[in-house]
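# Sequence below, structure please.
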Amino acid sequence: MRLERSTWPQVRSYFAEHDVVLLPFGSIEQHGRHNPLGTDLFAPLKLADLIEERLPDLLIAPALPFGSTPRFAEFPGTVDLGDELLRQVALRVCESLMSHGARHFVLLNGHGGNSKALGAAQLELARRGCRCAELDWWRMVRDIRPEWAGGHGGAQETSANLCIDPSLVDTGALAGEGLVDDLGPELPTTYFDTVRFKGVDVCVPRPTSEYAENGWMGDDNPREASAEWGRQMLSAVADWAAEFIPAFARTPLPMPA
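Model (predicted):
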């Protein structure tokens, strides 16, 4: 049941019987030269479709396409709301739905950078008597099948895109990470914001564009991606979510602070 396709009497009827809502959150940001900027949006959208097939009576809100992604701000096309604005938007959306009867919120998140802002909003909602759960699909698949673990724009996310729409992936642009030792040879770049010194990784925050010539990072080389991997992975997440959401909806509500 899609919120944007429903009439207000239909939504009123829904909240007379239910109080759970699924809210997808994405981001528009770089994912390497081969993946589109909407990678973190397309996966939650596809998962929402798959969950709807399994739970047709679940109320699903429209996805928020923009997220908090300051580390990628210098890459052309990236749209960064920042943590505070994203927190306010997420909270305001949930407050509006609360006024109509929503109390259990399931946030289907496609971008790790959103978690700080979404977590702050969820904590505030909990103090108002709501229950919130955040489903970070790319983290969940590591628990479902450890070999599905991935980095940023690597084989994991590329496989999801190949499953959703093969034309999303520019296979001709597949290349290595292209990490640059921007702090010098003594402190080689190892991952997001990290450099290594004598076997120890140290976080040195700086714009990703300073040390990532490609944009994807991780142990999962996107050349190993496949549509079948993506299909299995997204289906497994949807199957799990279809069991989790009804169980979560049955959890008791906290007393407002």
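# Please report how far residue 204 lies from residue 109.
According to CB to CB, to the nearest Å, residue 204 stands 26 Å off from residue 109. Every residue, glycine included, has its C-beta placed from N, CA and C.
# Oh, that last question was meant for residue 174, not what I typed.
If you measure residue 174 against residue 109 using CB to CB, the figure is 27 Å.
# Just want to know which of these two has more residues nearby.
Under the criterion of other CB atoms under 10 Å, the comparison of residue 174 against residue 109 puts residue 109 first, with 25 against 18.
# OK, contacts around residue 53?
residue 238 (CB atoms under 8 Å, 6 or more residues apart in numbering).
# what about it, which SS state?
Using DSSP: H, G, I helix; E, B strand; the rest coil, the three-state assignment for residue 53 comes out as helix.
# Tell me, how many residues neighbour the nearest residue to residue 248 once chain neighbours are set aside?
Distances taken as CB to CB, 6 or more residues apart in numbering place residue 133 nearest to residue 248, at 5.4 Å, with adjacent residues excluded. Neighbour count for residue 133, taken as other CB under 10 Å: 18.
# quick one: residue 133 and residue 109 touch, right?
No - counting by CB atoms under 8 Å, residue 133 sits too far from residue 109 to count as a contact (10.3 Å).
# List phi and psi for residue 207.
Phi and psi for residue 207, reported as degrees, to the nearest 10, are phi -60, psi 130.
# whoops, residue 4 was the one
The phi/psi pair for residue 4 (degrees, to the nearest 10) is phi -70, psi -20.
# wouldn't it be in contact with residue 62 here?
Yes - at 5.1 Å, residue 4 counts as touching residue 62 under the criterion of CB under 8 Å.
# the more surrounded of these two?
Each of residue 4 and residue 62 has its neighbours counted (other CB under 10 Å); residue 62 has more, 14 against 7.
# Could you report the distance from the more buried one to residue 5?
Look at residue 62 and residue 5: by CB to CB, they are 10 Å apart.
# Quick one, grab the pLDDT at the residue nearest to the spatial centre of the chain.
A centroid search over the chain (CA atoms, centre = their mean) returns residue 110, at 1.2 Å, as the residue closest to the centre. Looking at residue 110, its pLDDT is 98.
# The one 5 residues further on now?
Model confidence at residue 115, given as pLDDT, is 97.
# try residue 7
Confidence at residue 7, expressed as pLDDT, is 98.
# Kindly report the same for the one 10 residues further on.
At residue 17, the pLDDT value in this model is 97.
# Ok, residue 188 next?
As predicted, residue 188 sits at a pLDDT of 97.
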